[in-house]
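Visitor: Just a sequence and a predicted model for now, questions to come.
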Amino acid sequence: MENLTLSFFQEKIVHPGGGVIMHSWEHPIMQKKAEWICQNGGNILEIGFGMGISADYIQQHNIKSHTICEINTQVLNNLYKWVKDKPNTKIIEGDWYTNIHKMGKYDGILIDTYGDKNFHLFGSFFSKLCNENCHVTWWNHYPNNCKAFGYNNIEFEPIKVNPPLNDYFNHKEYLSPKYIYNHGKVERIN
């Protein structure tokens, strides 16, 4: 993903093979994800910038800091333009997995990456990245993706969506994972 040449359009980002990486129809999802991870305020980690949709929503909340980790060179160029008037934002360039040592502890985390070969390992770093009561979410095609983190007791918030026919999500309801990290235990949300 790092050196892929992507095509950027007003409503989407397209992979060289023609697949859609992110689309503007995701606004309702990203708004809800931002609300979830920013509930405690504090320090927020976002892995994957994409079109900046979730980043814009995160910035609307009362947070202390916003760290964004991004791997793709073209997306990084857009991120550096976006961050100019956001003094509470720090950029980490590259893969989250190889840059974990540059990250701190966070009160909210959103991971939304494309083609991430290390995604299944992310849950094993919660103890390093999460403050107590950290709210975590990620892009979720199917609830079974949650097993990648080794947890089965994760809440899902249904979000009504209306995507155009595409190659990565074709449902009218998106199930947004909501996870609270407390000393390695899943806490019930409702």
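Guide: It's in.
Visitor: quick one: Val83 from Gly52, how far?
Guide: Distance, Val83 to Gly52, using Cβ to Cβ, to the nearest Å: 10 Å. C-beta coordinates here come from the backbone N, C-alpha and C atoms, glycine included.
Visitor: Identify the contacts common to these two.
Guide: Common neighbours of Val83 and Gly52 (criterion: Cβ atoms under 8 Å, 6 or more residues apart in numbering): none identified.
Visitor: Just list the residues touching His23, thanks.
Guide: 11-13, 163-164, 166.
Visitor: Let me see the contact set for the closest residue to Pro28 other than its chain neighbours.
Guide: In space, not counting the residues next to it along the chain, Pro28 is nearest to Ile159; the distance is 5.6 Å by Cβ to Cβ, 6 or more residues apart in numbering. Ile159 makes contact with 28-29, 32, 173-176 under the criterion Cβ under 8 Å, 6+ apart.
Visitor: Mind checking which of those residues are in helices?
Guide: If you go by DSSP state H, those have 28-29, 32 in helices.
Visitor: Tyr114 reaches Ile21, doesn't it?
Guide: Yes. If you go by Cβ atoms under 8 Å, Tyr114 and Ile21 touch, sitting 4.7 Å apart.
Visitor: Quickly list what's touching both of those two.
Guide: With Cβ under 8 Å, 6+ apart as the test, Tyr114 and Ile21 both reach 15, 50.
Visitor: mind checking how far Ile154 is from Gly104?
Guide: Counting by Cβ to Cβ, the gap from Ile154 to Gly104 is 24 Å.
Visitor: got a winner among the contacts of His23 for most neighbours?
Guide: Ile13 (21 neighbours; other Cβ atoms under 10 Å).
Visitor: Report the beta-bridge partners for it.
Guide: Phe8, Met22 (DSSP bridges).
Visitor: In contact with it, which residues?
Guide: 6-7, 20-23, 50-51, 75 are the contacts of Ile13 under Cβ under 8 Å, 6+ apart.
Visitor: one more time with 6 Å
Guide: By Cβ atoms under 6 Å, 6 or more residues apart in numbering, Ile13 lies in contact with 6, 21-22.
Visitor: Can you flag the buried ones in the residues you listed?
Guide: Using 16 or more other Cβ atoms under 10 Å as the burial test, the contacts of Ile13 include 6, 21-22 as buried.
Visitor: so where's the chain uncertain?
Guide: 1-2, 141-153, 167, 183-190 (pLDDT under 70).
Visitor: residue ranges for the strands of it, please.
Guide: Secondary structure of the chain (DSSP state E): strands located at 7-8, 12-14, 20-23, 43-47, 65-70, 89-93, 106-111, 130-138, 155-160, 173-182, 185-186.
Visitor: May I see these organised as a markdown table, with distance to Leu121 added?
Guide: A markdown table is the format used below for the strands of the chain (distance: least, Cβ to Cβ, whole Å):
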| stretch | distance to Leu121 |
| --- | --- |
| strand 7-8 | 29 |
| strand 12-14 | 24 |
| strand 20-23 | 21 |
| strand 43-47 | 12 |
| strand 65-70 | 14 |
| strand 89-93 | 17 |
| strand 106-111 | 11 |
| strand 130-138 | 12 |
| strand 155-160 | 22 |
| strand 173-182 | 16 |
| strand 185-186 | 18 |
